[in-house]
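Colleague: sequence plus the predicted model coming up.
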Amino acid sequence: MATVIIIHAADDTLPARALAEKLRQAKLTVVLEKHGDDLREAARSAQAGVALWSPRSTGDAAIVDEVNFARGKTKLVHALMQNTPLPDPFRGDKAANLTGWRGEDDFPGWRELAKLVTDRAGVAPLPPPAARVASGFFQPGRVDVANTGAAGAKPAQPASRRAPPPPPAQQRQAAQSPPPRPAPPRTAAPPRDYAPAPEREKKGGGMVLVVVALIVLIAGGGGGYFWWSQQQSAHAASTAWESIDRNDPAALRAFIAAQSGPAKRQAETALSELEERSYEAASDTDTVEALQGFLRDFPQSQHALAARGRIAELQTAAANGAPATTTATATTQPANPDLNPPGSLATTTATTSATTTPAPTTGGPAPLTPPAGPSATQSPPSSPTTTP
């Protein structure tokens, strides 16, 4: 299998691990978390390399030197995070922008980086991302092929048929009947003299006023109804918001999709706060199950890439096995008195009790305390001899 090395800063370990998991889908062996001589040795045998640039790595002179060394030993590709520009020594090199990538297979920057790496490593490219299934019936530009085909398959309506000719008996009766007589000419009626009607004009002016008043009334009623409907909508949105579980991301997203205006913005703020709290709780728990639960609830989160990297780290540690911890218990056995040399502290204990007499509070010489009696091995002192 071809080998690809990822050069990154120590603070970018989690994004580098997430990128390594995606590159392994192309049957590549990925080497990362190497620095110094280990990295240079890996760069000599790698078929391709990826330099992961971020604001933390561009200012590190050691990272820049390692990337410059790897560029001379293998086919190097640059990947940018957080819109970080390339350092000056690599301004003209090809780079893929991963800003905003959360692990999607159809992200343009990831597709570009995957193609560059597979081409340089000499392996088959990744398969194209699966097409997203469109949902819903009301979509602009959508053509219903089934209905179109059914409509095209309908046969054309037959042309209207001509009425059959009358039977011969009716034709003979029509020939024998006499032609109709022409109608007598009508005389035109004399023109009427229309006199002006002033009363009608007055009535017409009154009708105009009535129409104007009716229009004003309708406009006022429409405005009042619009205000009333807005108040009802706001009240309904407030009631629905009170019944929403603030810790349920699915319920919050459904509320956001169904509402607009201030209620929608309030729900979006609550969803963003829930996302931050959920990520902090999953990070504090620091288990694969907690991080996977966070990704299920927030697949498009800005923390998704870091969570996937931490999951990969925990799964790798679980596969390698945790180091066993042994506690040495020291058992102290009593010393054998037969094995101790004579006069040692293990076989003989000398205890000397000294009694101190408190000093007298009155004047005069202090009394002296006589020493302890002689031991069995000492001889008693000789009595003094008095010479007359």
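Modeller: Thanks, I have it.
Colleague: the closest residue to L39 other than its chain neighbours: which element?
Modeller: Distances taken as C-beta to C-beta, 6 or more residues apart in numbering place E66 nearest to L39, at 5.5 Å, with adjacent residues excluded. All C-beta spots, glycine's among them, are computed from the backbone N, C-alpha and C. E66 belongs to helix 61-73 when assigned by DSSP states H and E.
Colleague: can you give me the buried ones in that helix?
Modeller: Under the neighbour-count criterion of 16 or more other C-beta atoms under 10 Å, helix 61-73 has I63, V64, E66, V67, A70, R71, K73 buried.
Colleague: over to stretch 265-277?
Modeller: Q266, A267, A270, L271, L274, E275.
Colleague: pull the CA atoms of it into PDB?
Modeller: Taking Å, rounded to 0.1, in the frame of the first residue of the first chain, the C-alpha atoms of stretch 265-277 are listed here in PDB:
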ATOM      1  CA  ARG A 265     -34.400  33.700  15.800                       C
ATOM      2  CA  GLN A 266     -35.100  32.800  19.500                       C
ATOM      3  CA  ALA A 267     -35.200  29.100  18.600                       C
ATOM      4  CA  GLU A 268     -32.000  29.400  16.500                       C
ATOM      5  CA  THR A 269     -30.200  30.900  19.500                       C
ATOM      6  CA  ALA A 270     -31.500  28.200  21.800                       C
ATOM      7  CA  LEU A 271     -30.300  25.500  19.300                       C
ATOM      8  CA  SER A 272     -26.800  27.100  19.100                       C
ATOM      9  CA  GLU A 273     -26.500  27.200  22.900                       C
ATOM     10  CA  LEU A 274     -27.700  23.500  23.100                       C
ATOM     11  CA  GLU A 275     -25.000  22.600  20.600                       C
ATOM     12  CA  GLU A 276     -22.300  24.200  22.700                       C
ATOM     13  CA  ARG A 277     -23.500  22.600  25.900                       C
END
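Colleague: now what about it, what contacts it?
Modeller: Residues outside stretch 265-277 that contact it (C-beta atoms under 8 Å, 6 or more residues apart in numbering) are 241, 244, 246-247, 249, 252-253, 255-256, 259, 298, 301, 303.
Colleague: change it to 6 Å
Modeller: R246, L252, F255, I256, F298, S301 (C-beta atoms under 6 Å, 6 or more residues apart in numbering).
Colleague: M81: neighbouring residues, count only.
Modeller: 22 (other C-beta atoms under 10 Å).
Colleague: ok, now which ones touch it?
Modeller: Neighbours of M81 in contact, by C-beta under 6 Å, 6+ apart: S54, L98.
Colleague: so what does it look like in phi/psi?
Modeller: M81 has phi and psi values of phi -120, psi 150 when expressed as degrees, to the nearest 10.
Colleague: got it, and R56?
Modeller: Here is the backbone geometry of R56 (degrees, to the nearest 10): phi -80, psi -30.
Colleague: and the gap between it and G36?
Modeller: With distances taken as C-beta to C-beta, to the nearest Å, R56 is found 18 Å from G36.
Colleague: who has more neighbours out of the two?
Modeller: Neighbours of R56 and G36, each counted by other C-beta under 10 Å, are more numerous for R56; the result is 16 against 9.
Colleague: how long is stretch 34-52 from one end to the other?
Modeller: 13 Å (C-alpha to C-alpha, to the nearest Å).
Colleague: confirm that H78 sits in a strand.
Modeller: Yes. With DSSP: H, G, I helix; E, B strand; the rest coil as the criterion, H78 is assigned to a strand.
Colleague: so who does it touch?
Modeller: Contacts of H78 (C-beta under 6 Å, 6+ apart): A51, D93, A95.
Colleague: list of residues touching the helix or strand containing P15?
Modeller: Counting by DSSP H and E, the element that carries P15 is helix 13-23. With C-beta under 6 Å, 6+ apart as the test, helix 13-23 has contacts from V4, I6, H8, V30, L32, L52, L305, A306, R308, G309, A312.
Colleague: specify the local secondary structure of the residue nearest to W110 when sequence neighbours are not counted.
Modeller: For W110, ignoring the flanking residues on the chain, the nearest one in space by C-beta to C-beta, 6+ apart is W101 at 5.6 Å. State at W101, reduced to three classes by three-state DSSP: coil.
Colleague: relative to D248, how far out is the residue nearest to D93 when sequence neighbours are not counted?
Modeller: Nearest non-adjacent residue to D93, counting by C-beta to C-beta, 6+ apart: H78, 5.5 Å away. To D248, H78 is 42 Å away according to C-beta to C-beta.
Colleague: cool, G72 as well?
Modeller: 55 Å.
Colleague: and what of Q231?
Modeller: In terms of C-beta to C-beta, Q231 sits 28 Å off from D248.
Colleague: these two: who's more crowded?
Modeller: Higher neighbour count among Q231 and D248: D248, with 14 against 10, using other C-beta under 10 Å.
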